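A.B. asks: give me a model of this one.
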Amino acid sequence: MFGAQNCAIIIGMNMEQENPAPETPIPSNKPSWRGRVLAIPVQVWNKIDPKKTDSWLAAVLGIFLRTAGILLLVFAILIIWRMLRDTGFALQSFSVSKSLEESGLSGGIAAFRLQDAIQALKAEAASIKKDDLNVGSSDANAAMNVHVMGVEVSLSSIAFQLRHILGRPQKRITGEFVQSGQQLSLLLRMSGYPNARFEEVCPPGSEEIAAQKLLNRAAEKVLEHTDPYRLAVVYFRRKNHVAAIELARTIIKNRPDEHIWAYHAWGNILFEQGRLEEAAAKFQRATELDSTFGMAYQRWGYVLLEQKKRPEAIEKLEKSLKLDPSNPDAWVTLAMQYIRIGKSASADSAFLQCVRLASGTSFESLAWQAWIGAKMDQDSMDAAMKLAQKAIEKASETSDGYVTRSLAYLLQRDTAKAFEAGMRAIELDPNNAIALKMVTRGLFAAKKYRELVSLTQDIKLKTWQINMAADIYNLTAMSYNNLGQHDSAFAVIRRTIALDTLYGTPYSTLAETYAFVGKKREFYQNLEKSFRLGMRYEAVDWNEAPYKRFQNAPEVRVLREKYAKKQSQL
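C.D. replies: As a prediction, the model looks like this:
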């Protein structure tokens, strides 16, 4: 009675009962926060259109590349603009003779050596004046001004060629070496200035030495044309006062923007010569031309101190430091003057300023030494010892800082620590002249002659450290004598005398060296010369070798009669 249809309905109903349909969940008003968070990435990802994404990335990358291209273009334009406006000189290869080529001096090497000679002169001047000729400077900005052309690829070389292509004026320095017999000459060509010719005697085999002398003279000429003030400073340091004053006159005549530097240089030369009234007038003129020129006030103050005009000197020093408070030399001088007029608190304040400014410089040890010495002069040993300990604690971690510590330890009578600090100073700077002088004295007193000559063998002191260099080399020569190496002693002491032919002490060491090799006449001649140049007769220990065997000689009695009495009367 039940048909197929009914049967299917029954079966369907039974199946629905066996597998009931899941109930639809009732929406909640407060969905789970985890569900919402986890759903976000899926929703975002589902909305991303791959085609649109590729277009967006391409657009961003295009903007970035266009921006980078514009920046590179601007940078390139700036470089080209700077190169084209560079008015520096281009050093070109020199023309050299065949003999010089064979000795290893090519045209390019000659140009580089001229560059080095100019740099050496500027280092010797050590002036704070702005550099007017940045030849071969390591400074990144200056490096774009001048380099040797045709030797290496550089911005300067590119700029040189670019200016040439564009027809821009070129400023060149070049030269020609010509050898005729035993005469070597150099013709220096410098754009905008007359050619200059230099000559040197050149025996066979001495071509390179003669060429270097010519290049040194050429470097002076280049500096004379481009920065005469610096060359005047070099001549001043070399005691060539006539040439230095002539350069000052040249600056006043031809370089109106540098008049203050000319008068400043001229004043320093006159001060060195002891012509105080004239020196004061030159410094005064410099301040009249520029009332903010602190250095001129400082030097004017020093002249006034020599003239025993302390109130006026203090006024000028205070004016100098108001204009330039970063000058430690002026601070220490002012501090010493405050001590003289009883202003101890002002002096301590000035000394403190000085040691802070001098920290890490070659002036650091001198600043502490002056402060400590001032306390000792005031009979305040407790204060001096406290300052010495403060110097040990506060000195910088530099070579000069350890020189400061060494001096402080000496004041504390701790020679072992003083020597250790001195050696540390030399370790940090093998050419620290003050440290070398202290340590070599210690080594010589301890009779450690081999260590001393080893220490001083390769030192390279500055040309303006002549006095300290002479003392260091003098002890080196004496050490060689004590080691029995008299040929080495001769070589060192002759080089020492060449540093300053008017310094008496090295002549006594030369006399000793002649005595050790049995040359009595030369011994007496050089010993007499040392006394004549100012070495005291009492400085000679006639009970030590080699003097002991000469102490009763008639020639020595003459020297004693002439110099011992004369010096005792002074």
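A.B. asks: domain boundaries for this structure, per the record?
C.D. replies: Listed domain ranges for the chain are 90-202, 227-324, 325-429 (source: automatic domain parsing).
A.B. asks: of all these, which lies closest to D471?
C.D. replies: When the domains of the chain are ranked by proximity to D471, the top entry is domain 325-429, at 14.6 Å, counting by Cβ to Cβ. Using the backbone N, CA and C atoms, a C-beta is placed for each residue, glycine as well.
A.B. asks: any idea how far apart the tips of the closest one sit?
C.D. replies: With Cα to Cα, to the nearest Å as the measure, domain 325-429 spans 28 Å from end to end.
A.B. asks: quick one: distance of it to the chain centre.
C.D. replies: 22 Å (Cα atoms, centre = their mean, to the nearest Å).
A.B. asks: picking up where we left off before, out of the domains of the chain, nearest to H486?
C.D. replies: With Cβ to Cβ as the criterion, H486 lies closest to domain 325-429 of the domains of the chain, at 26.9 Å.
A.B. asks: state the mean pLDDT of the closest one.
C.D. replies: Per-residue pLDDT values over domain 325-429 give a mean of 90.
A.B. asks: picking that back up, now the domains of the chain in TSV, with mean neighbour count?
C.D. replies: Formatted as TSV, the domains of the chain follow (neighbours: other Cβ atoms under 10 Å):
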stretch	mean neighbour count
domain 90-202	17
domain 227-324	19
domain 325-429	19
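A.B. asks: those domains into CSV, with extra columns for distance to F444?
C.D. replies: As requested, the domains of the chain are arranged in CSV below (distance: least, Cβ to Cβ, whole Å):
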stretch, distance to F444
domain 90-202, 29
domain 227-324, 28
domain 325-429, 12
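A.B. asks: convert the C-alpha atoms of stretch 548-556 to PDB, please.
C.D. replies: In PDB, the C-alpha atoms belonging to stretch 548-556 read as follows (Å, rounded to 0.1, in the frame of the first residue of the first chain):
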ATOM      1  CA  LYS A 548     141.800  64.400  34.500                       C
ATOM      2  CA  ARG A 549     145.100  63.900  32.500                       C
ATOM      3  CA  PHE A 550     145.000  67.600  31.400                       C
ATOM      4  CA  GLN A 551     144.200  69.400  34.600                       C
ATOM      5  CA  ASN A 552     147.800  70.400  35.400                       C
ATOM      6  CA  ALA A 553     148.700  71.300  31.800                       C
ATOM      7  CA  PRO A 554     149.800  74.900  31.100                       C
ATOM      8  CA  GLU A 555     147.000  75.400  28.600                       C
ATOM      9  CA  VAL A 556     144.400  74.500  31.200                       C
END
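A.B. asks: which intervals of this protein have sub-threshold pLDDT?
C.D. replies: Scanning the chain for pLDDT under 70 picks out 1-56, 76, 79-88, 127-170, 463-464, 565-570.
A.B. asks: mind jotting down where the strands sit in it?
C.D. replies: Here the chain has its strands, by DSSP state E, at 90-91, 172-180, 183-190, 196-201.
A.B. asks: and of those, who's closest to Q389?
C.D. replies: Of all the strands of the chain, strand 90-91 sits nearest to Q389, with 53.5 Å by Cβ to Cβ.
A.B. asks: measure L317 to E288 for me?
C.D. replies: 18 Å (Cβ to Cβ, to the nearest Å).
A.B. asks: for A446, give me phi and psi.
C.D. replies: Dihedral pair for A446: phi -80, psi 0, per degrees, to the nearest 10.
A.B. asks: could you dump the strands of the chain to TSV with distance to L323?
C.D. replies: Below are those laid out as TSV (distance: least, Cβ to Cβ, whole Å):
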stretch	distance to L323
strand 90-91	38
strand 172-180	37
strand 183-190	37
strand 196-201	39
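A.B. asks: might you report the residue contacts of the nearest residue to Q284 once chain neighbours are set aside?
C.D. replies: Counting by Cβ to Cβ, 6 or more residues apart in numbering, W300 is the residue found nearest to Q284 once chain neighbours are left out, at 6.4 Å. The contact partners of W300, by Cβ atoms under 8 Å, 6 or more residues apart in numbering, come to G267, A280, F283, Q284, T287, K316.
A.B. asks: show me what contacts E306?
C.D. replies: F271, L276.
A.B. asks: how near is M423 to M438?
C.D. replies: 10 Å.
A.B. asks: and the helices in the stretch 301-450 of the chain?
C.D. replies: 310-323, 328-340, 344-358, 364-377, 381-394, 399-411, 415-428, 433-445, 449-456 (DSSP state H, counting those that start in this stretch).
A.B. asks: export these to TSV and tack on distance to T501?
C.D. replies: Shown next, in TSV, are the helices of the stretch 301-450 of the chain (distance: least, Cβ to Cβ, whole Å):
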stretch	distance to T501
helix 310-323	34
helix 328-340	29
helix 344-358	33
helix 364-377	27
helix 381-394	37
helix 399-411	29
helix 415-428	28
helix 433-445	20
helix 449-456	21
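A.B. asks: and the domains of the chain: which comes nearest R495?
C.D. replies: domain 227-324 (16.8 Å).
A.B. asks: gap between the closest one and the chain center?
C.D. replies: Averaging C-alpha positions (Cα atoms, centre = their mean) puts domain 227-324 23 Å from its chain's average.
A.B. asks: how far does that domain stretch from start to finish?
C.D. replies: Domain 227-324: ends 24 Å apart by Cα to Cα.
A.B. asks: residues contacting A350?
C.D. replies: W331, V332, L334, A335, Y338 are the contacts of A350 under Cβ under 8 Å, 6+ apart.
A.B. asks: dump those residues to CSV, plus distance to E393.
C.D. replies: What follows is the contacts of A350, written out as CSV (distance: Cβ to Cβ, whole Å):
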residue, distance to E393
W331, 21
V332, 20
L334, 25
A335, 21
Y338, 25
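A.B. asks: from these, which is closest to S365?
C.D. replies: Comparing the contacts of A350 against S365 with Cβ to Cβ places V332 closest, at 11.8 Å.
A.B. asks: what about the closest residue to the closest one other than its chain neighbours, distance to Q212?
C.D. replies: Using Cβ to Cβ, 6+ apart and skipping the chain neighbours, the partner closest in space to V332 is C354 (4.6 Å). C354 sits 41 Å away from Q212, going by Cβ to Cβ.
A.B. asks: same question, A498
C.D. replies: Distance check for A498 against Q212: by Cβ to Cβ, it reads 17 Å.
A.B. asks: give me the more crowded residue out of these two.
C.D. replies: Counting neighbours by other Cβ atoms under 10 Å for A498 and for Q212 shows that Q212 has the greater number, 17 against 10.
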